[in-house]
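>>> Model the structure of this input:
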Amino acid sequence: MHWIHDTLVARPEIVVFATLGFGFLLGRVTVRGIGLGTVTSTLLVGVVFGVLIGGDLQVAPVRKQTFFLLFLFSLGYKLGPQFFSGLRRSGLPQALFAVLTAVVGLAVTIGISLALGYNPGVAAGLASGGLTQSAIIGVAQDAIGGLPVDAGAAAQWSDLVPVAYAVTYIFGTVGAALFISLLAPRLLGIRDLPLAARDLEQKLGFREDAPDVRSAFEPVARRSYRLAPEFVPRTVRELEDAAYEAAGSHIYVARLRRGASVVEPDPAEVLVPNDVIVITGSTPAVIAQYRETSGVEVADQELLDFPVEELDIVVTSEDAIGRTVADLRGDSRSRRIFATRITRAGQVIPVTSTTVLRAGDELRVQGPVELLESGIAAVGRPERTDPKTDIVTIGFGIALGALIGVPSLLVGDVPLSLTSSVGVLLVGLVLGWRRSKRPTFGNIPPGAQWFFETVGLAMFVAIVGIDAGPGFIEGLSQYGVGLLIAGAAVTLVPLFVMTVAGRFLFRRTEPVLILGMLAGALTTTAAVGAVRERARSSIPLLGFTIPYAVGNIVLTIGGVVVVAATAG
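Okay, the predicted model is just below:
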């Protein structure tokens, strides 16, 4: 068996990837919808490998930090738009709720740690597990490395962070889910949660969309008609103008079959009885034009078989900024091209004739490929489906964030700094928010976003677990039962305090939404599933997004505060 040990010590990458595989496999296991999740499972598997192989196994620290910085940048990048929208007036109560929850949780953590004499490593792990915020592990270890203590003490404290996290996280996850789904509704005065959720759905006009399901209504229609024998000959332009005057909406003649020939008619082309034409426009306008032409709809596949493109265009052109949708429709280059959606700062806004385009708007348009492509430059820059990730933005963003976190301020004998971890997180927030305003840079496809965020954190905690394994048993025996009780307090006290605060201080907020705010502020996704199942509705999640974004940021930065407060 020595050769296995020697091989794994010589090739630590084998252990790292095996930890990742077993961790994700264990993370799939759930009981009544609640499981450890991939992060905790991977950490525990890493600890097991570390215990079995011993201290001979060494993984280069730069690997661990690289994956953690990728995770933090992608997390900030994803949450940036929601985080800054939470700072606006409409989202301010939910953002304040998340900040207060974090403050209470961190204060309880620091108070218990000082009372029980926990060192910064145990205190940070207590915060990370009890408040279910895995990112605190890396931030705290980074902060511990900057403390004015000898290398041996710093390494010991750093190894205790994942130990305390592992001991407290399980109750943090399960306890938070049970409290928010079972006890919090009663404290908020909700007697029947499913009924309250249905009432709120009706009040807000909420409709839950199922995955892979879309509306059957098509906003733009293309239909073929044979003009009736009594049709009065007129030009294409005359037919289109008459339709606009009658319905107040543009329709266009896209194609024409006359005899055996199929053409795209010029506006001056004269239409005659028995011509077969394709009319394109908004669905109501096309239906109205059918009555106007008195034609007979036909299924002419050849006539309707022409390429159509739907594309998002970021408004950057000075010719388009400040103009209304009606102005664009009146442009000759917009003939047969239709605006179907406008997204502004991540929010979909109505498409009306009077809607004014602003720089950074994402305008979704639909039309024949050749016509649409020729008109893109007049509006802005196309956002095409692109599997490529903007590594330039990621590389320089992480480098800048790490550099920002280097300077430190001496408070007493303790040097305080943002740390490279928090610096990267903040840069990710700003760049993610900026892209939502003007998405002309920084493309990160969903698959890459998932990899950086999920695998990045999992690889980090895998290496953390492997490194901490040799001291895990000793740490668990020294802090075990008391740490478990302390973790329960760190989890439950802020939940109880903020539930009561939600009822009496946030009276303008619907109680059902406060359940989502509690789950978001504590960044516990397991509680989301429990609340959703209990309410038989997803409407509590309307209160989840902003607190989740704010909670992630405040709690992660809070890891530095916990280390600094317990280092004295």
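
>>> contacting residues around stretch 106-115?
Residues from elsewhere that reach stretch 106-115, judged by C-beta atoms under 8 Å, 6 or more residues apart in numbering: 118, 122-123, 126-127, 130-131, 486, 489-490, 493-494, 555, 558, 561-562, 565-566. All C-beta spots, glycine's among them, are computed from the backbone N, C-alpha and C.

>>> if you set the cut-off to 6 Å instead, what comes out?
123, 126-127, 486, 490, 493, 558, 562, 565-566 (C-beta atoms under 6 Å, 6 or more residues apart in numbering).

>>> Out of the residues you listed, list just those in strands.
Among the contacts of stretch 106-115, no residue falls in strands (DSSP state E).

>>> quick one: which of those residues is nearest to Ser334?
Taking C-beta to C-beta as the measure, Ser334 sits nearest to Gly558 out of the contacts of stretch 106-115, at 51.6 Å.

>>> gap between the closest residue to the closest one other than its chain neighbours and Thr7?
Distances taken as C-beta to C-beta, 6 or more residues apart in numbering put Leu106 closest to Gly558, at 4.6 Å, once the chain neighbours are dropped. Separation of Leu106 from Thr7 (C-beta to C-beta, to the nearest Å) stands at 44 Å.

>>> between the two, who's got more neighbours?
Leu106 (23 against 11; other C-beta atoms under 10 Å).

>>> ok but the residue nearest to Gly558 is inside a helix, no?
Yes: under DSSP: H, G, I helix; E, B strand; the rest coil, Leu106 sits within a helix.

>>> Let's see stretch 432-451 as PDB, backbone CA atoms only.
C-alpha atoms of stretch 432-451 as PDB (Å, rounded to 0.1, in the frame of the first residue of the first chain):
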ATOM      1  CA  GLY A 432     -20.700  43.200 -13.700                       C
ATOM      2  CA  TRP A 433     -22.800  46.200 -13.000                       C
ATOM      3  CA  ARG A 434     -21.200  48.200 -15.700                       C
ATOM      4  CA  ARG A 435     -21.800  45.400 -18.300                       C
ATOM      5  CA  SER A 436     -25.500  45.400 -17.400                       C
ATOM      6  CA  LYS A 437     -25.500  49.100 -18.300                       C
ATOM      7  CA  ARG A 438     -23.500  48.800 -21.400                       C
ATOM      8  CA  PRO A 439     -22.900  45.200 -22.500                       C
ATOM      9  CA  THR A 440     -20.200  45.800 -25.100                       C
ATOM     10  CA  PHE A 441     -17.500  44.000 -23.200                       C
ATOM     11  CA  GLY A 442     -16.900  41.200 -20.700                       C
ATOM     12  CA  ASN A 443     -18.900  38.400 -22.300                       C
ATOM     13  CA  ILE A 444     -19.100  35.400 -19.900                       C
ATOM     14  CA  PRO A 445     -21.400  32.700 -21.300                       C
ATOM     15  CA  PRO A 446     -23.600  30.800 -18.800                       C
ATOM     16  CA  GLY A 447     -21.400  27.700 -18.900                       C
ATOM     17  CA  ALA A 448     -18.200  29.600 -18.200                       C
ATOM     18  CA  GLN A 449     -20.000  31.500 -15.400                       C
ATOM     19  CA  TRP A 450     -21.100  28.200 -13.800                       C
ATOM     20  CA  PHE A 451     -17.600  26.700 -14.100                       C
END
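
>>> Sketch out the low-pLDDT regions of the stretch 201-350 of the chain for me.
For the stretch 201-350 of the chain, applying pLDDT under 70 flags the ranges 204-214, 247, 289-294, 345-347.
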